[in-house]
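A.B. asks: return atomic coordinates for the entry below.
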Amino acid sequence: ARVAEVLAGPSAEPYWKLRLRGACEELFFLTTLDRTPEMVRIFREHAARERYPEAEAGVYLQPTVQGTSCHCAFDLPYRRGDAAQVTSVQRVLTATSEALMDAGAFFSRPYGALADAAYRRDAVTTEVLKKVKGVFDPHRILNPGKLCF
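C.D. replies: Next up, the predicted model:
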């Protein structure tokens, strides 16, 4: 019964990703489990280059589809009011995401500035999304300007 209570309850406040610094950015993508050491190395290199305290970053790996692929995420906590930390985190996100894409990371749910880069690099997915949107929203009234078009 105690396990069911824990699983059914929400995270204590503040949310766990916000507890260390008050704010957190997340960079997540799909890869294969055997490539995760390379992805972590890329993240660490860019974090060090931008003077982000890499030891404070969270790394989350979750094998999916019977271990054939892996959800990989890097959580970067920071203080929202600290301009230097905000800049550092944004630089790490930009540089790391580009390097990860170059290394074969697949950003299946890109958003913000990352979406532009991901859709620009994947013309096939962009075309498929346009076709799916055309089927479900032929008059283009739902979320105009969203996705990659």
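
A.B. asks: now do the strands in this structure.
C.D. replies: Here the chain has its strands, by DSSP state E, at 23-31, 58-64, 69-78.

A.B. asks: stretch 80-93: how far from the chain's middle?
C.D. replies: Distance, stretch centre to chain centre, for stretch 80-93: 16 Å (C-alpha atoms, centre = their mean, to the nearest Å).

A.B. asks: what do you get for stretch 101-117?
C.D. replies: With C-alpha atoms, centre = their mean as the basis, stretch 101-117 stands 8 Å off its chain's centre.

A.B. asks: average pLDDT for that stretch?
C.D. replies: Stretch 101-117 shows a mean pLDDT of 88.

A.B. asks: low-confidence ranges, the chain, go.
C.D. replies: The chain contains residues with pLDDT under 70 at 1, 146-149.

A.B. asks: select the longest helix from it.
C.D. replies: Longest among the helix segments of the chain by residue count, using DSSP state H, is helix 83-102.

A.B. asks: about what we covered before: nearest to Arg121, of the strands of the chain?
C.D. replies: strand 23-31 (12.3 Å; C-beta to C-beta). Backbone N, C-alpha and C define where each C-beta goes, glycine included.

A.B. asks: in the closest one, what counts as buried?
C.D. replies: Of all the residues in strand 23-31, those buried under the rule 16 or more other C-beta atoms under 10 Å are 23-25, 27-31.

A.B. asks: one step back: can you put the strands of the chain in TSV and add distance to Phe106?
C.D. replies: Putting the strands of the chain into TSV (distance: least, C-beta to C-beta, whole Å) gives the following:
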stretch	distance to Phe106
strand 23-31	5
strand 58-64	12
strand 69-78	9
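
A.B. asks: of those, which is nearest Met101?
C.D. replies: strand 23-31 (8.3 Å).
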